[in-house]
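Student: dropping the sequence and predicted coords here.
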Amino acid sequence: MNGRVTLLGAGPGDPELLTLIGKRRLAEADVVLYDRLVDPSLLAFTNSQVKLVDVGKLPQHHKVKQTRINQLLVNYARVGKKVVRLKAGDPYVFGRGGEEAQVLEQEGVDFEVIPGITSAIAGLAAVGIPITHRDFASSFHVITGHHKKNGQKQLDWENIAQQEGTVVFLMGMAQLPKICTALIKHGKDKKTPVAIIQWATQWRQKMVIGDLTNINELVKEHQLSSPALIVVGEVVTLSKQLNIHRPLQGLHVLLPYSKQHRLFNQLVDRGATADFYQRAVKVPQEVNISAVEYAKLIVIDSVAAAHRLITILTANGSDLRTLAGKTIVALNHVVAHHLRTIGLIADGTLPDVNLPADYVEVGGEKPQTSAGTFLSLYQKVSRCDSLPFELGEFNAVIFPSMDSLADFAQLLTPKQEHQLMTIKAFVMGPKISQVANQLTFQKVIECQPSIDETVKRIEEEFGRD
């Protein structure tokens, strides 16, 4: 039984630059083999049963050899798995996508190639450099600065130096002095503008602009290194005019994954880079809910509990009419808001409501109140062992709910707990604030349980930094 291998381009870094079909293939995958430069946020698009395999390569060090990667693709496909080979940029632009495709074809494995947005174009646009422009360049040339050992022909520098268009070198930072020297030697004007763009489209994006004579010194001065693009041509001069700056530019924020992406969207539209961590999977529990039918007051302690309750009612031949005449209390304003979206208006939120002795609470693993009858409608199972991020790279983390904070805390390694000392936590509500303050965050900032108000608070906080 054969499966299928998808060679999928992840784009230059920004998770929103993944294609729609790429996102769908990640959701369908049984196995994902991913590269070092792929944003870990993209792994949140996978399903809860997926097997994730890190085959990332560092400069001068391949912890998983290419021959081994090829064999893994073949082996997984031959046992019927849907396999995604997630590659930075585009699979066929200076990656090993073509080589992997050749192996799959030779082995008789069904495969497809889904293009990704290449940094050779998107990376320039991210800093206001159009790769072509009628007044500056009518063509562009993308060249690898990294050569295959033992056999790849040397570049035709005379031809490259004489091209009128934009020249972009990928994977060339180690060869930057040689590139500049060769271009000048073969006739390129010494004053030709050069831009170096590191980590294009990401929060840590940096750029320096110079010319062929001084770019090496500027790179050293500003401490730029791989991964970076080398852009040579007159279009570089347009960056000063076209490079757009937004109020949260350079801010790096971590969020819990949400299918709606409302918080994510507001932050990135203001220039922040937002990454997200995977939430724990809520496994439904079979439970007798007859107590709900007789209770006069029901506490709903999470959005997931509300949805699970409706599912159980429907399975038993009932619906929301079963709750008619009962007092419905939400754990907090966030839960109350979500209840309204599914047609259930809460009569109040805790702790503003005095609870009788005979109420019923529906929730997850643990009750959030101290009395009454508690019904556990689901159990949480983590999808991974730890957060796939260096937390020291973030300015802030946002917790819209107690659940999202619990999922985050459960995945922390001792090293990551220490890294919290440099991060600000934004929490939507006082109860979340109490728990967050038990961790080692630099600062816990309590916000109103509203996405708009939380984003406004983030702008105020970092506007003062």
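Tutor: That came through, no problem. Residues are numbered from 1 along each chain as shown.

Student: okay, now the unreliable bits of the stretch 151-300 of the chain?
Tutor: Applying pLDDT under 70 to the stretch 151-300 of the chain flags residues 151-153.

Student: the closest residue to residue 23 other than its chain neighbours: how many residues sit nearby?
Tutor: Counting by CB to CB, 6 or more residues apart in numbering, residue 23 lies nearest to residue 45, which is 5.3 Å off, once chain neighbours are set aside. (Glycine included, C-beta is placed from N, CA and C.) Neighbours of residue 45 under the rule other CB atoms under 10 Å: 21.

Student: burial of the closest residue to residue 383 other than its chain neighbours, as a residue count?
Tutor: Excluding the flanking residues, the one nearest residue 383 by CB to CB, 6+ apart is residue 278, at 4.8 Å. Counted with other CB under 10 Å, residues neighbouring residue 278 total 21.

Student: next one: residue 42
Tutor: Residue 42 has 21 neighbours, counted by other CB under 10 Å.

Student: now swap in the one 5 residues further on and tell me
Tutor: Neighbour count for residue 47, taken as other CB under 10 Å: 12.

Student: wait, it sits on residue 29?
Tutor: Yes - the pair residue 47 and residue 29 passes the contact test of CB atoms under 8 Å, sitting 7.4 Å apart.

Student: dump the residue contacts of residue 89.
Tutor: Residue 89 makes contacts with 9, 10, 11, 12, 37, 95, 116, 117, 118, 119, 120, as judged by CB atoms under 8 Å, 6 or more residues apart in numbering.

Student: specify the beta-bridge partners of it.
Tutor: Counting by DSSP bridges, residue 89 is bridged to residue 11.

Student: how close does it sit to residue 447?
Tutor: 37 Å (CB to CB, to the nearest Å).

Student: residue 105 now?
Tutor: Relative to residue 447, residue 105 is positioned 54 Å away (CB to CB).

Student: Throw the contacts of residue 89 into TSV and include neighbour count, thanks.
Tutor: Shown next, in TSV, are the contacts of residue 89 (neighbours: other CB atoms under 10 Å):
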residue	neighbour count
9	27
10	28
11	26
12	29
37	18
95	21
116	28
117	23
118	22
119	30
120	24
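
Student: restricted to strands, list these.
Tutor: Applying DSSP state E to the contacts of residue 89, the entries found in strands are residue 9.

Student: what is the nearest of the contacts of residue 89 to residue 296?
Tutor: Set against residue 296, the nearest of these by CB to CB is residue 10 (52.9 Å).

Student: now that closest one, nearest residue through space, not along the chain?
Tutor: In space, and not counting its chain neighbours, residue 10 is closest to residue 38: 4.7 Å by CB to CB, 6+ apart.

Student: could you do residue 363 as well?
Tutor: Once flanking residues are discounted, residue 363 sits nearest to residue 301: 3.7 Å by CB to CB, 6+ apart.

Student: surely that neighbour touches residue 360?
Tutor: No - with contact defined as CB under 8 Å, residue 301 does not reach residue 360; the gap is 11.1 Å.

Student: so these two - more neighbours on which side?
Tutor: The neighbour comparison of residue 301 against residue 360 (other CB under 10 Å) goes to residue 301, with 25 against 20.

Student: what separates that one from residue 377, distance-wise?
Tutor: Per CB to CB, residue 301 is found 10 Å from residue 377.

Student: can you list residues touching both of those two?
Tutor: Going by CB under 8 Å, 6+ apart, residues that sit against residue 301 and also against residue 377 are 362, 363, 364.
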